[in-house]
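Asks: Next one to model:
(2 chains)
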Amino acid sequence: EAGVAQSPRYKIIEKRQSVAFWCNPISGHATLYWYQQILGQGPKLLIQFQNNGVVDDSQLPKDRFSAERLKGVDSTLKIQPAKLEDSAVYLCASSLLKGGRTDYEQYFGPGTRLTVT
Amino acid sequence: AQSVTQLGSHVSVSEGALVLLRCNYSSSVPPYLFWYVQYPNQGLQLLLKYTSAATLVKGINGFEAEFKKSETSFHLTKPSAHMSDAAEYFCAVTSFTGGFKTIFGAGTRLFVKA
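Replies: Numbers count the residues shown, from 1 in each chain, chains lettered A, B, ... in the order given. Okay, here's the model as predicted:
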């Protein structure tokens, strides 16, 4: 089966510019996650969707970050305006919904490396 | 609140030696525990998971981990390191506390010397 797809793989922007990342999860996976991974740290959850509804966005900086998953399939994460501290790898992951509960194993995409100068 | 602590940001072993990567967690409810591996410029890949069945869990590439509730630990081991094991390893805990939430540790980078 195809894995989680992300694009672009790399992006360099100047501070105060905007950027968008795209993710297509594994077919049939109802739960989708966006993580921010700063160099030398573990992934930090930004937002979690179940189908097209938000389950958890408590760590999403909502003044500059937004995410949507309109049709319950692919998703877009946007940053506007970007700051230097947003330089990180943005990982998308998905997991299967079983019996009404999200499965525990997450499948990760390759990530998008963002550099803000 | 739940948390994950990985002891040692860097671990170096010789090829053929035992690999031991340490992970301690805290959770107010029974947790599910995971080890993921990340190779350079790639996403995370699941190595193994503990979901309240057998406490000794075997994963891919010869890795295994043992859930010890009394020690709140889930250390990752491999009897004999291979050069291809050089990567970053992340321990993660998932628990249900008003919602399903996963927390990742800071990671341990494994170096394997020839």
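Asks: what residue ranges in chain B are flagged as low confidence?
Replies: Applying pLDDT under 70 to chain B flags residues B:97-99.
Asks: could you pull out the strands for it?
Replies: Taking DSSP state E as the criterion, chain B carries its strands at B:3-7, B:10-14, B:19-26, B:32-38, B:44-50, B:56-58, B:64-68, B:73-78, B:87-96, B:100-104, B:108-113.
Asks: can you list contacts of the longest one?
Replies: By that I understand strand B:87-96. By CB atoms under 8 Å, 6 or more residues apart in numbering or on different chains, the residues outside strand B:87-96 that reach it are A:42-43, A:104, B:2-4, B:6, B:21, B:23, B:25, B:27-40, B:44, B:47, B:74, B:76, B:100-105, B:107-110. Placement of C-beta: from N, CA and C, glycine included.
Asks: If we go by neighbour counts, what in that strand is buried?
Replies: Within strand B:87-96, the residues that count as buried by 16 or more other CB atoms under 10 Å in any protein chain shown are B:87-95.
Asks: Show me what from chain A comes close to chain B.
Replies: The interface of chain A toward chain B, taken as CB under 8 Å from any CB of the partner chain, is made up of A:4, A:40-45, A:55-56, A:91, A:93, A:101-102, A:104-111, A:113.
Asks: one more time with 6 Å
Replies: Residues of chain A found near chain B (CB under 6 Å from any CB of the partner chain) are A:41-43, A:91, A:102, A:104-105, A:108-111.
Asks: By neighbours, which of those wins?
Replies: A:Pro43 (30 neighbours; other CB atoms under 10 Å in any protein chain shown).
Asks: what comes up buried for stretch A:17-33?
Replies: Neighbour count says stretch A:17-33 has A:19, A:21, A:23-26, A:29-33 buried, by 16+ other CB under 10 Å.
Asks: Please apply the same query to stretch A:90-97.
Replies: Buried-residue list, stretch A:90-97, by 16+ other CB under 10 Å: A:90-96.
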